[in-house]
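Novice: structure for this input, please:
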Amino acid sequence: MKIKEENIINIHNFLPHREPMLMTDYILELTKEKVITSFEIKEDNIFVHDNVFVEAGLIENAAQTCSSILGQSFFENPETETKVIGFITNIKKIEIFTLPKVGDKIISKASLVSQFENICQIFCETFNNDELLIRAEITLFIQEVKN
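Specialist: This next block holds a predicted model:
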């Protein structure tokens, strides 16, 4: 997948996650119904064990990719200090086929299945080159925290 550098969006503008729990680097494409993210597996990642990015890391990467679809409405203005709470409410189906290694750059593609207010169901697949790593259908809840 060739993406022009000027089209890459900083994930910090759409997710509240920060190191060491940030499991996506960049948003490569974002609409109201779909998102594509990239993430490079680094040796010091908390989900790396014996040079392999473990299942929990793949699931967290998929969830963060998915949440950027719903999260974009809360982070439209990067200068505003917005606080949100979000979590996985359900994983309807998940299939893990293989695990990436340190140095791999994974691409996650998610699309909105349904949404009711702050709850959405999203389908996500993550790839290492053309190899499918994980396929999941995740339900997320996200809401702004008022001071």
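
Novice: please count neighbours and contacts with C-alpha atoms only from this point.
Specialist: OK.

Novice: can you give me the buried ones in stretch 92-111?
Specialist: Residues of stretch 92-111 classed as buried by neighbour count (16 or more other CA atoms under 10 Å): 98-102, 105-111.

Novice: and that stretch, what's its mean pLDDT?
Specialist: Confidence for stretch 92-111, expressed as mean pLDDT, is 96.

Novice: what about the buried residues of stretch 92-111, which are in strands?
Specialist: Counted as lying in strands by DSSP state E, out of these, are 105-111.

Novice: from the residues you listed, which is closest to residue 32?
Specialist: residue 111 (9.0 Å; CA to CA).

Novice: contacting residues around residue 36?
Specialist: By CA atoms under 8 Å, 6 or more residues apart in numbering, the contact list for residue 36 reads 27-30, 65, 107-110.

Novice: re earlier: what's the most distant pair in the buried residues of stretch 92-111?
Specialist: Largest pairwise distance in those, by CA to CA, is 26.6 Å, between 102 and 111.

Novice: tell me, what residue is most central in the chain?
Specialist: Centroid-nearest residue in the chain: residue 65, 1.8 Å away (criterion: CA atoms, centre = their mean).

Novice: that residue sits in which helix or strand?
Specialist: Using DSSP states H and E, the element containing residue 65 is helix 55-71.

Novice: could you report the distance from the residue nearest to the centre of the chain to residue 99?
Specialist: 17 Å (CA to CA, to the nearest Å).

Novice: ok, then the element right after the lowest-mean-pLDDT helix or strand in the chain?
Specialist: Least confident helix or strand of the chain, by mean pLDDT, DSSP states H and E, is strand 9-10 with a mean of 59. Per DSSP H and E, the first helix or strand lying C-terminal to strand 9-10 is strand 26-30.
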